[in-house]
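[1] 3D model of this:
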Amino acid sequence: MTALKTKKIDKKHITGGETDGGITSSYATNDGIKLKVPYSFFGSIYDKAEEKAVLAAMKQDTLTMGPKTAEFQKKFAAMCGVKHALAVSNCTTGMHVATQLFDIKEGDEVIVTPNTFIATSLVVLKEKAKPVYADIDPYTYNIDPKSVEKLVTKKTKAIYVVHYAGLMVDMDPIMKIAKKHKLFVLEDCAHAPIAEYKGRKAGTIGDIGVFSFHSLKNMTTCGEGGMITTNNDKFAQGAEMLRCMNLSHWHTDQKSWKYGSNIKINKESALDYWLPSHFDVESWNGHWGNNYRMNEIQAAVGCCQVDKIEMLTEKRRKIGQMLNEGLAGIKGISTAYEPKGYKHVYHLYTVCVEKEELGATRDDFMRVLYKEEGIQTILHYQPTFHFKGLQKMGYDQDQCPNSQKFFYERETNLPMHPRLTDKDVKAMIKGIRNAAEKVRNGHRA
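    Take a look at the predicted model:
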């Protein structure tokens, strides 16, 4: 299968024409379809706790990287069960910091899944390294460890896994491969706060985990935000610098201080808070950071969201289980999969259409489901190497058949957020059953 050419479509039919973020900020349409269950772009629940926290943070003297950020980091680390949690502006910037901490540079290769947002590859490309794409498991939609093993070369420096939809990757074989070849492992946990694999939480198994608090995610900090997790003290120290322009503190025992000629060095002056200056700057392993800080309002909301994460997750899991039960037995429709020993947190609820069994294509099914049943679904994710920029880099366009078939022929994602009601879930189940029956009998929208 080769990369599909995209038609030019009027933006207003995708985003309502009112958002600069395009598909990253809205799935609204202006096509006149009356929806029973639209796809929401807000994945959490806010109430008076967040409102109160925001107002309190706004009254602080410090509005960035202050006491609420420190509290949020502490609470998040405790939630995950890791030594260090470091807040950043978003998941992408957090993964960029991790890429620098791994000292990934030009000539290095990083094995990554193609079934992910562009950010997972972008942070590798930014360091002029090469993403190498491993295919996915057709049942979990996660990176397939068997595919990873075949791609390791002398240039391979790391494996970047993505816990797609809230179901964790099969991490034991990934870590075995990493240990054998001395590779770093990054967990892209954008979909997976408090997801579990054999009793271990997302972001605690690899060398570094990175989480997203975008508005779509299971917990969100005012639309953007991210968190780095690690048990490695050195990585934590480096992340502190790289997320904040390589700033560090001067130390009172540092012999390299050079004062102006009018300053006398003695024990008393060494204790003055303004001497020798506010901060020092140095590279971290040859890498220079950026301003990837989180502000206090985001962190204040994050503290509230950590308090709610168990409740938010249970709501998602209940909805996921209702859908699994309600959609069971529909010929040609595959429901979400949760292997034994895993805890799926249902960031996405992915339904797959098996056209040979259904007797119709995924797109035929989606059209009827949307236009006639009022259920809006969306697609995630086009194989990364099919984007124009990577095509120009010479990537084989047919290298991951499972991933390609998944995106272009099989998958669609139902509305999934903790505010869905039983009525909404029943409407989705009924709509899918009706749409499947219609297209099976030859009907097309």
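[2] what's the top helix by length along the chain packed up against?
    The residue-count maximum for a helix in the chain (DSSP state H) belongs to helix 296-327. Helix 296-327 is packed against helix 48-58, helix 67-80, strand 84-88, strand 349-353, helix 422-440, with contacts defined by 3 or more CB pairs under 8 Å, 6 or more residues apart in numbering; DSSP states H and E. (Each C-beta comes from the backbone N, C-alpha and C, glycine too.)
[3] how far out from the middle of the chain is it?
    15 Å (CA atoms, centre = their mean, to the nearest Å).
[4] kindly report the same for stretch 393-404.
    Relative to its parent chain, stretch 393-404 has a centroid offset of 22 Å by CA atoms, centre = their mean.
[5] what is the end-to-end distance of that stretch?
    In terms of CA to CA, to the nearest Å, the two terminal residues of stretch 393-404 are separated by 19 Å.
[6] contacts only, for the spatially closest residue to Pro173 that is not a sequence neighbour.
    In space, not counting the residues next to it along the chain, Pro173 is nearest to Pro145; the distance is 3.8 Å by CB to CB, 6 or more residues apart in numbering. Residues in contact with Pro145 (CB atoms under 8 Å, 6 or more residues apart in numbering) are 170, 173-174, 177.
[7] which one (most neighbours) among those residues?
    Across those, neighbour numbers were computed from other CB atoms under 10 Å; Ile174 holds the maximum, 23 neighbours.
[8] how is that one assigned, secondary-structure-wise?
    Three-state secondary structure (criterion: DSSP: H, G, I helix; E, B strand; the rest coil) places Ile174 in helix.
[9] do the one 5 residues further on as well
    Using three-state DSSP, the structure places Lys179 in helix.
[10] near it, how many other residues are there?
    Per other CB under 10 Å, the neighbour tally for Lys179 reads 10.
[11] and for the one 3 residues further on?
    Residues contacting Lys182 under the criterion other CB under 10 Å number 8.
[12] wasn't Glu187 part of a strand?
    Yes - Glu187 sits within a strand when classified using three-state DSSP.
[13] that one pairs with what?
    Beta bridges link Glu187 to Val161, Gly209 when assigned by DSSP bridges.
[14] and which of the contacts of Pro145 is nearest to Met227?
    Closest to Met227 out of the contacts of Pro145 is Ile174 (21.1 Å), distances taken as CB to CB.
[15] enumerate every residue touching that closest one.
    When contacts are counted by CB under 8 Å, 6+ apart, Ile174 touches 143, 145, 148, 159, 161, 185, 206.
[16] turn those residues into TSV, columns for pLDDT.
    Rendered in TSV, the data for these read as follows (pLDDT from 0 to 100):
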residue	pLDDT
Ile143	98
Pro145	98
Val148	98
Ile159	99
Val161	98
Val185	99
Gly206	98
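[17] which one of those is nearest to Asn218?
    Out of these, the member with the shortest distance to Asn218 (by CB to CB) is Val161, at 17.9 Å.
[18] the closest one is in contact with Leu167, isn't it?
    No - using CB atoms under 8 Å, Val161 is not in contact with Leu167; the gap is 11.7 Å.
[19] isn't Arg243 right up against His96?
    No - taking contact to mean CB under 8 Å, the distance of 9.4 Å between Arg243 and His96 leaves them out of contact.
[20] list the residues that contact both of those two?
    With contacts taken as CB under 8 Å, 6+ apart, Arg243 and His96 have 290, 292 as neighbours in common.
[21] how about His287, nearest residue that isn't a chain neighbour?
    Leaving aside its sequence neighbours, His287 sits nearest to Gln100 (CB to CB, 6+ apart; 4.1 Å).
[22] list the contacts of that neighbour.
    Shown in contact with Gln100 (CB under 8 Å, 6+ apart): 127, 238, 242, 284-285, 287, 289.
[23] mind checking how far it is from Gly32?
    Applying CB to CB, to the nearest Å, one obtains 48 Å for the distance of Gln100 from Gly32.
[24] what do you get for Arg440?
    Here the criterion is CB to CB. By it, Arg440 lies 27 Å from Gly32.
[25] for Phe211, same thing?
    Using CB to CB, Phe211 is found at 38 Å from Gly32.
[26] which of these two has more neighbours?
    For Phe211 versus Gly32, the count of surrounding residues by other CB under 10 Å is larger for Phe211: 29 against 6.
[27] which residues in the stretch 201-350 of the chain form helices?
    In the stretch 201-350 of the chain, helices defined by DSSP state H, counting those that start in this stretch lie at 233-242, 267-270, 296-327, listed in chain order.
[28] tell me the average confidence for the second one?
    Think helix 267-270. In this model, helix 267-270 has an average pLDDT of 60.
[29] also the last one?
    Averaged across helix 296-327, pLDDT comes to 98.
[30] list the buried ones in stretch 164-176?
    164-171, 174-175 (16 or more other CB atoms under 10 Å).
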